[in-house]
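K.L.:
A structural model of the following input is requested.
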Amino acid sequence: MVNQENYWILRGVNSFCQCQSQEVLAAKEFFLEYFDRQIQTDKIEHKEIHQQLFRWHCDEETKEQVKARLCLRCFVSNCIYQFCLNTEQKYQKTYGISRNDLFPVLLELIPPNPTTRSKSDDSLINEIIYTYDLSKDASLSTWTSIKVKGNKKYKIVLKFYGIVELTDWLILVKTTPGKLERKLKQQGYSEYEIQEYENLLAAFHRVYRTEILARRKEINRQRQQEGRGKSTKPYPSPTNDQLQRIAEILDTSRRLESQEVLNKLKDIADILRNNTISRSFAITEQPTPNLDKQLEIAIYKQIEESLKTVTCQIIETKIDYFLKKKKPKIEKANNLILGLNLFYCQGYSMGEIAKEMELSGQSQVSRLLKLKELREDVSRNAIAILKKSLKEQLTQLLTAPEKLAILDTKIQDFIEPEMQEIIQEAEIEIFDSKNKTRNSLFARTVCQCLQQRGT
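P.N.:
Prediction:
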């Protein structure tokens, strides 16, 4: 049954930025006059109410326009209020964010007289109402959620708490079949499940990814001509037509319904989300270039090999730095080896390492290990080695200069985000105080290097 109060209770904040609710009598009387009987008999839904309210709202000739707009403003304010509660529930336990951090940013000041609000008002509520398209499939509450997620102030608050939200569709657009296969194998999925998910992702790329990137390219070309920056709008949900075409591509025993395809795509996104960087480090919307799967796997194998080679070299260089001084600092060299071992291989915290090595405090351990410098050195050198090695291989394999140039660019564009993800994964482990084990590829590589030298 429709919650009628959402159409006449206005949510906002007072001058102290505290959440406040106000009953708008004019909206209540208007709403009950036109909709109460239908609601009581369960003969009307939100969508039908919105259709009628928007008809009045858009018609400047009618006396109902102002009051219909009031009802819509109240409804949207309640959607934003609920969005804040949901965000708190979703992130508070892990990140500490509260609804009270969001209310002052997303809700507007409760006005003395709500009926005086004008179309020119640039509030979030007005933006939502004036950009909503009734002809689209999305409900007004869904459109509110989409607009709030894209709001710059909302994103700033999330980033302050170390949160970056990635949509399901951005995650899927950025994920290559090879990367998906690696993630699924890491989590113990069967070969049949892996193949099923890979086929679905490939079909998604063929339909949705191809179309959305072409569309965004055209939009950005127009924006560039107008002197504006690139579009930052989130990737939209696949249309029903796109889902049907994805279903047609899939070789399954029976034709999947659009909703089934959508649910399975969201399942893949959820699997990947748990392995995707979600804190406020540099995350680009630049999609990973499409590469042949076998080539991608071969490149990733070389990334791992180069990572190990470079990491071992840099650790040895740091140890040699202490040993080759005029007055060799053997104790510092040994402490460096021990500290790296305790941190990456045994899961010690900085404070625990300081006690174990009888150092004055965590800051002394940080200056000794210089973990950020280690990660940056490894990333920079590994990328340089990979680019050189792969370019040499490509030159031998391809003779056509135009093909070589295209593939060379794709591979370079593939390497850097992959290496960035490896390094960011290692960085997140450091800031996760609840995690005592360090299982990132970078951490495992450091441990392999230490074991290799017998320490």
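K.L.:
secondary structure class for the residue most central in space within the chain?
P.N.:
For the chain, the residue nearest the mean C-alpha position is L166 (1.8 Å; C-alpha atoms, centre = their mean). Secondary structure, DSSP: H, G, I helix; E, B strand; the rest coil: L166 is coil.
K.L.:
From S440, how far out is it?
P.N.:
According to C-beta to C-beta, to the nearest Å, L166 and S440 sit 19 Å apart. (C-beta placed from N, C-alpha, C; glycine too.)
K.L.:
ok, back up a step: was I right about the residue nearest to the centre of the chain contacting R273?
P.N.:
Yes. Contact criterion C-beta atoms under 8 Å: L166 and R273 qualify, at 7.0 Å.
K.L.:
For the stretch 251-400 of the chain, just list every one of the helices.
P.N.:
258-273, 293-323, 330-340, 350-356, 362-369, 371-397 (DSSP state H, counting those that start in this stretch).
K.L.:
got the buried residues for the first one?
P.N.:
Within helix 258-273, the residues that count as buried by 16 or more other C-beta atoms under 10 Å are 258, 261-262, 264-265, 268-269, 271-272.
K.L.:
now do the third one
P.N.:
Residues of helix 330-340 classed as buried under the neighbour-count rule (16+ other C-beta under 10 Å) are 332-333, 335-340.
K.L.:
what's the burial count for E33?
P.N.:
Burial of E33 is recorded as 11 neighbouring residues (other C-beta atoms under 10 Å).
K.L.:
Which positions within the helix or strand containing it qualify as buried?
P.N.:
If you go by DSSP states H and E, E33 is part of helix 25-40. Within helix 25-40, the residues scored as buried using 16+ other C-beta under 10 Å are 27-28, 30-31, 34-35, 39.
K.L.:
Give the next helix or strand downstream of it.
P.N.:
Taking DSSP H and E, what comes next after helix 25-40 is helix 46-58.
K.L.:
mind saving the C-alpha coords of that following helix as CSV?
P.N.:
Taking C-alpha atoms only, helix 46-58 is exported to CSV below (Å, rounded to 0.1, in the frame of the first residue of the first chain):
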residue,chain,number,x,y,z
HIS,A,46,3.2,5.2,-6.9
LYS,A,47,3.9,5.3,-10.6
GLU,A,48,0.3,6.3,-11.4
ILE,A,49,0.4,9.0,-8.7
HIS,A,50,3.7,10.3,-10.1
GLN,A,51,2.3,10.4,-13.7
GLN,A,52,-0.7,12.5,-12.6
LEU,A,53,1.5,14.8,-10.4
PHE,A,54,3.9,15.4,-13.2
ARG,A,55,1.1,16.2,-15.6
TRP,A,56,0.0,19.0,-13.2
HIS,A,57,3.5,20.0,-12.5
CYS,A,58,4.4,20.5,-16.1
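K.L.:
Next up, phi/psi of E23, please.
P.N.:
Here is the backbone geometry of E23 (degrees, to the nearest 10): phi -80, psi 120.
K.L.:
Report the beta-bridge partners for it.
P.N.:
Taking DSSP bridges as the rule, E23 bridges to I9.
K.L.:
Could you double-check that it lies in contact with W8?
P.N.:
Yes. Counting by C-beta under 8 Å, W8 is a contact partner of E23 at 6.2 Å.
K.L.:
Between these two, tell me which one has more neighbours.
P.N.:
Set side by side, E23 and W8 show more neighbours around W8, with 22 against 11, by other C-beta under 10 Å.
K.L.:
residues touching that one, list them.
P.N.:
23-25, 27-28, 31, 70-71, 74 (C-beta atoms under 8 Å, 6 or more residues apart in numbering).
K.L.:
Tell me the spacing between Q195 and T175.
P.N.:
Distance from Q195 to T175, by C-beta to C-beta: 16 Å.
K.L.:
Which one's more surrounded, the two?
P.N.:
In terms of neighbours (other C-beta under 10 Å), T175 is the more surrounded of Q195 and T175; the figures are 22 against 13.
K.L.:
sorry, back to before: how about the buried residues of helix 258-273 in TSV, adding pLDDT and distance to L386?
P.N.:
Converted to TSV, the buried residues of helix 258-273 look like this (pLDDT from 0 to 100; distance: C-beta to C-beta, whole Å):
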residue	pLDDT	distance to L386
S258	88	41
V261	91	36
L262	90	37
K264	90	34
L265	92	31
I268	90	28
A269	87	28
I271	83	27
L272	82	24
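K.L.:
Could you list the low-pLDDT ranges of the stretch 251-400 of the chain?
P.N.:
Counting by pLDDT under 70, the stretch 251-400 of the chain contains low-confidence residues at 274-297, 391, 393-400.
K.L.:
can we see that at 80?
P.N.:
In the predicted model, the stretch 251-400 of the chain carries pLDDT under 80 at residues 251-254, 273-301, 326-328, 387-400.
K.L.:
how about P238, secondary structure?
P.N.:
Applying three-state DSSP: P238 is coil.
K.L.:
Backbone torsions only: list them for it.
P.N.:
phi -60, psi 140.
K.L.:
Now it. Nearest residue, chain neighbours left out?
P.N.:
Y208 (5.1 Å; C-beta to C-beta, 6 or more residues apart in numbering).
K.L.:
And the one you found, how far from L243?
P.N.:
The value you get for Y208 to L243, if C-beta to C-beta is used, is 9 Å.
K.L.:
what about the strands in the stretch 1-150 of the chain?
P.N.:
With strands called from DSSP state E, counting those that start in this stretch, the stretch 1-150 of the chain shows them at 9-13, 19-23.
K.L.:
Export the ones you listed as CSV, with columns for mean pLDDT and distance to E127.
P.N.:
Formatted as CSV, these follow (pLDDT from 0 to 100; distance: least, C-beta to C-beta, whole Å):
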stretch, mean pLDDT, distance to E127
strand 9-13, 93, 15
strand 19-23, 92, 20
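K.L.:
K233: which of the ones you listed is closest?
P.N.:
strand 9-13 (25.9 Å; C-beta to C-beta).
K.L.:
now for the closest one, which elements pack on it?
P.N.:
Helices and strands touching strand 9-13, by 3 or more C-beta pairs under 8 Å, 6 or more residues apart in numbering; DSSP states H and E, are strand 19-23, helix 65-95.
K.L.:
and among the ones you listed, the most buried is which?
P.N.:
helix 65-95 (a mean of 20; mean count of other C-beta atoms under 10 Å).
K.L.:
Show me how far that one is from its chain's centre.
P.N.:
Chain-centre distance of helix 65-95: 22 Å, with C-alpha atoms, centre = their mean, to the nearest Å.
K.L.:
what's around the residue nearest to P238, how many residues?
P.N.:
For Y208, the count of nearby residues is 23 (other C-beta under 10 Å).
K.L.:
Correct me if wrong: it contacts W169.
P.N.:
Yes. At 7.3 Å, Y208 counts as touching W169 under the criterion of C-beta under 8 Å.
K.L.:
Need the overlap of contacts for those two.
P.N.:
With C-beta under 8 Å, 6+ apart, Y208 and W169 have common neighbours P238.
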